[in-house]
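Undergrad: Next come a sequence and a model predicted from it.
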Amino acid sequence: MISLNVNGRTHEVDVDPSTPLLWVLRDHLGLTGTKFGCGIAQCGACTVHVDGVARRTCRLAVRGVEGAEITTIEGLSEDGLTPLQEAWLDQDVVQCGYCQSGQIMAASALLASNPEPSDEEIDQAMRRNICRCGAYNRIRLAIRQASGSAPRGGAR
Amino acid sequence: MTAPRRLTRRGFLKRSAAAGGGLVIGFHIPGFGAERLLAATVDSLAPNAFVRVGVDDVITIIVHKSEMGQGVFTSLPMILAEELDADWSKVEVEASPSTPEYAIGFGGQLTGGSTSVMTSWQLFREAGATARAMLVDAAARRWNVDAADLRTEAGVVFDAAGDRRATYGELAEEAATLDVPSSVPLKDPADFRIVGTNVRRLEGPDKVTGAAEFSIDVRLPDMLTAVVAHSPVCGGTVRSFDGSAAEALPGVVKVKQVPSGVAVIGRDFWSARQGRDALEIEWDDGEGARLSSAGLRDEYLAMVETPGAVAEDLGDAAAALDGAARTVEAIYEVPYLAHAPMEPLNATVHAKADGADIWAGTQAQTLDQRAAAGILGLRPEDIRIHTTMLGGGFGRRANPTSDFVSDAVAVAKDEGVPVKTVWTREDDIQCGYYRPMFVHKLAAGIDPSGMPIAWHQRLAGQSIMAGMGFGAPVDPSSVEGAAHMPYAIPNRHVELHSPDKPVTVLWWRSVGHTHTGFVNESFLDEVAHAGGRDPFELRRALLRDEPRHLAVLELAAEKAGWGSPLPEGRGRGIAVRKSFESYVAEVAEVSVEDDGTVRVHRVVCAVDCGVAVNPWNVEAQMESAIVYGLSAALHGEITLEDGRVQQSNFDDYPVLRMDEMPAVEVHIVPSAEPPTGVGEPGVPPIAPAVTNAIFSLTGVRVRRLPIRMSETE
Ligand code: FES
Ligand code: FES
C-alpha cells in the first residue's frame, strides 16, 4: 500500500511502487484531468504540482512522492476558478483542450514562483509543454493577463 | 435573403405524440433511431434533430460533427442560435448519437475536409428558423394576433406593442403541438446578432478544469485496459508469440492475438503496458522490411524522369518551354509526416451479443460503425458510437480502415466487459498512418518580360485514395493545388506517379496542399526571381482575374508592410493558396542564425472564408494551422530504415514549442459569401512563406522539407 496526499486528501493505493504517478492518478484515483501525452517527460500533458513545484508524472514513480503534497488540475482551486483559469477563459485559449490541464498546472507553478514573468521567462518555462493545436500565443496572453501585464481578453 | 428554404429531410418530418403532456417532433426514418430521438425530446420542442427548446428555456443544440479543437461545438450552435434568436447564455451543446439522421454528408457521419460549417450552414440556419417559427406561431395563437406582427429577441417573443412577452421555454409545449412548417424564411445577414461576433467556446470551462471527457478518460464499471504490440515493421504480422511471462504479472488479465498484433489486457494501463514489455513475439516482417526512405527517394527521383498519368494539360507546355527566353528547373521533396494529435489514439468498447457501445474520439462514426459491425458480426446500426471530445484530429481520427477503433473492437470482442485500448505515443508514430512522401520535378519557361509562359510538373508519391480502394489514374488529392493553379500561366502540364507501397498513408491537415502548397508556391518564387520580378507583384499579375485570391494577397502584403525595410538580418516571404474553398495568404518574417537555425518572428495572415461565423475562432484556426505547418516545415520528418520507422516520440519527432512561436496577426476579409473551410486552409502557405523568406534573406533556396540549412547548397 502506498499512501498519497492528493488535493488535500489521503489515499491508500495498492500498486507496484514503481508505477508512474500519472497512472495512479488516472486509473486508480479517477483524476483524469491529468493527461497522458508522451510517457517520456517530453510534452507536459501530465504536469501536476508536487509540493508546489510543476512535475511531470509520467516518469515519476509513486514511491517517490509518498508524503508529498500533490495537486492536480481538479484540486487547483477550492471552489470556482482561479484567476489563471479565468484568464484562460477570457482569452479563449483552448482548442482541443487535451494539453490544457498540463499547461495550466505549469503556468500556475510559474506564477507562484515568479508572479510577473517576462515573455522570455514565460517561453522558457512553458516550452516544456507541447500544444499540438498551437494555442501558444493565447497561452502566453492568458499568463500575462493573470500576472497583470496584459488586459482582459476580448477587449481588443 | 428571406426566400423560403427547404429543410433537408423534410420528407421525414413527422409529428408524434409523447407521454407527459407535450408533443414532440422528430425525424421519422423507418426502422432506425427515431424512437431514441423521440424519447429524448419529451417536455421540449424538438422540431428537428438539431435543437431542443426546453420548458426551462435551455436551448440544447445537437452537433453531429466532432469537436477536435476546430471550434465546431461553438460555431454550429451559433448558426442555429442566430436563426432561432436564442439567448446565447442559455445555449448548451450536445454531441449527437451515431444514428442515421446524423449520417449526413460524405455518405455518413464524418468530420473532415474543413467542411463542417460549409455543409451545415444552410441546415443549421433552417433548423433554427423552423424552431423560431413554431415558437412565434404558438405565441400568435396564445395572444390571438398575427404571427407576422411578433418579433423575437434573445429567447423571447414580443408582441407588436411590446405589451406582451413570452419566453421560448414558456411557449415550448404549445409550439410542440403545431405542425412543423415546410419552409421558413431566413434572416438577412445584415440582421445577424450572433454570427460574425467573437464568441468564446461553449466547452471552454470544462477544458480549463480538467472535466472535459476525452475517450482516454472514459471509466466504466468492470472496465479493463489494453495495449497492443504492433509489428515494428510496417505491414508485418505475428508468426508466433509467448505471453506466459506477461500473464504471470499481477495486473495482467489476459494476452490474446488480434489482427494487428498481440494484445495485453490488464486491470489498468500501466499493468497492460508492463505486460506488453514482457511479451515474446516472433514477427513475420513481410515485404515491408525492404523499405527505406533513401530507397524510396531514389525510386521517386527516377520516376519523375518518366511520364506519368496526366492531371492537367493546358496549351502546349513542351513547346512553350522550348521557345522560352529562360527556363528554370528544380526538384522538390517532402517526407512522410505523422499527425501526432495530442491525445494518443484510443477507444473503449463494450461488445455484447446484440450490440456494442463504443466510446471514441473519432472523426468517422459511420465508418467505425461499419468496421466494428464487420468484426463483431453485427449490423452497423447495432453499434452505438458515443463521441467524446477529441484530443486533436488533423485527419488521423478519420481513418477508412478505422484502425484504432478496429483494434479496440478486436481486443474487446468476447471479453464481456468494457475494454479500453490505448495506443502509446510510440504506437502512433511508428507504423501508423502518414502524409505520403513526395518528389516533384518542375520546369518553367519565362518570356523576355519575366512572365511565366510554361509550367511543367511531375510528382511521385503514394495515393491516399488508392489505399482506400478508390484507385484512379489521378488521385485528385495528390495533385490538388498543383493541377489547375489559379495563376494565369497559359501552358501547363502536370503528371502524377502513384507508386504502391506498404506504408499506410492518410489525409494530414490540408492533404495534397501540404506538399503542393510548399512546392508550387516556392517554385513560383523561383520563377519570379529568375524573371527579375517581385514575388508579390508577379502573383498579383498572375491573379488579376482571381479577385478573392488577389484580395487576401494584397491584404497580407499591406499589413506585413511588403516592400518596407526590415531590420538587419530579417527576410520576408509571401505565399497564397485557395484550399477547402477558402483563400489564405501569409507573409513570414524570418532570420537565420549562424548555426543554421531558422527563426520565424512574425506571420501575417489574411483569410477569406466567406462569412466568418466566429471571427475569434477563425483567428485561432489560422494560428493553429500556422503552428501545425511550421512544425512540419522546421522539424517534421518520418523516415524508414529496413521497414522500421526511425522516430518514436516527441524527442525524435519534434513539434513547435512556445519559444519558437512567432507573433501571428490574422486579418479576415469581410464577406457575405457562404462560409467555407477554416481548419486546414491556414497550413499550405506557411512553409513556402518561410522558405521564400529564407531565399530573400540568404539567396539559398530550400527545396526539401524539413528545412535544414546545412543541407542546402
Ligand atoms: S505524458 Fe508526461 S510529459 Fe508527456
Ligand atoms: S489545445 Fe489541443 S493540444 Fe493544446
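TA: Ah, there it is. Residues are numbered from 1 along each chain as shown, chains lettered A, B, ... in the order given. Ligands and ions are numbered 1, 2, ... in the order given.
Undergrad: give me every residue that touches whatever residue of the stretch 551-700 of chain B ends up closest to chain A.
TA: Going by Cβ to the nearest Cβ, chain A is nearest to residue B:627 of the stretch 551-700 of chain B, at 2.6 Å. C-betas here are computed from N, CA, C, even on glycine. Neighbouring residues of residue B:627 by Cβ atoms under 8 Å, 6 or more residues apart in numbering or on different chains: A:131, A:133-134, A:136, B:656, B:661.
Undergrad: In these, which residue is surrounded by the most others?
TA: Within the contacts of residue B:627, neighbour counts (other Cβ atoms under 10 Å in any protein chain shown) peak at residue A:131, which reaches 33 neighbours.
Undergrad: Residue B:390 versus that one, what's the distance?
TA: 15 Å (Cβ to Cβ, to the nearest Å).
Undergrad: related to what we said a few turns ago, tell me the helix or strand right after the strand or helix carrying the residue of the stretch 551-700 of chain B closest to chain A.
TA: Using DSSP states H and E, residue B:627 sits in helix B:615-634. As assigned by DSSP H and E, the chain's next helix or strand after helix B:615-634 is strand B:640-641.
Undergrad: Identify the spatial nearest neighbour of the residue in the stretch 501-650 of chain B positioned nearest to ligand 2, chain neighbours not counted.
TA: Ligand 2 sits closest to residue B:624 of the stretch 501-650 of chain B, with a gap of 8.3 Å, by Cβ to the nearest ligand atom. Nearest non-adjacent residue to residue B:624, counting by Cβ to Cβ, 6 or more residues apart in numbering or on different chains: residue A:134, 4.2 Å away.
Undergrad: hang on, the earlier thing: for ligand 2, tell me which of the contacts of residue B:627 show up nearby.
TA: Among these, the ones lying near ligand 2 by Cβ under 6 Å from any ligand atom are A:131, A:133.
Undergrad: export the contacts of residue B:627 to JSON lines and tack on pLDDT, secondary structure and distance to residue B:635?
TA: Formatted as JSON lines, these follow (pLDDT from 0 to 100; DSSP: H, G, I helix; E, B strand; the rest coil; distance: Cβ to Cβ, whole Å):
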{"residue": "A:131", "pLDDT": "98", "secondary structure": "coil", "distance to residue B:635": "15"}
{"residue": "A:133", "pLDDT": "98", "secondary structure": "coil", "distance to residue B:635": "16"}
{"residue": "A:134", "pLDDT": "98", "secondary structure": "coil", "distance to residue B:635": "13"}
{"residue": "A:136", "pLDDT": "98", "secondary structure": "helix", "distance to residue B:635": "15"}
{"residue": "B:656", "pLDDT": "98", "secondary structure": "coil", "distance to residue B:635": "7"}
{"residue": "B:661", "pLDDT": "98", "secondary structure": "coil", "distance to residue B:635": "13"}
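Undergrad: So residue B:397 is in contact with residue B:364, correct?
TA: Yes: assessed by Cβ atoms under 8 Å, residue B:397 is found in contact with residue B:364 at 7.1 Å.
Undergrad: more crowded one of these two?
TA: residue B:397 (28 against 25).
Undergrad: now the helices for chain A?
TA: A:21-23, A:83-90, A:100-113, A:119-126, A:136-146 (DSSP state H).
Undergrad: tell me the angle the longest one makes with helix A:119-126.
TA: Following axes from the mean of the first three to the mean of the last three Cα atoms, to 10 degrees, one obtains 130 degrees for the angle between helix A:100-113 and helix A:119-126.
Undergrad: List the buried residues for helix A:100-113?
TA: Buried residues in helix A:100-113, counted by 16 or more other Cβ atoms under 10 Å in any protein chain shown: A:100-111.
Undergrad: how about it, does it reach chain B?
TA: Yes: Helix A:100-113 reaches chain B (Cβ under 8 Å from any Cβ of the partner chain) through A:100-101, A:104.
Undergrad: tell me what that helix is packed against?
TA: Using 3 or more Cβ pairs under 8 Å, 6 or more residues apart in numbering or on different chains; DSSP states H and E as the contact criterion, the elements in contact with helix A:100-113 are strand A:47-50, strand A:53-56, helix A:83-90, helix A:119-126, helix A:136-146, helix B:204-208.
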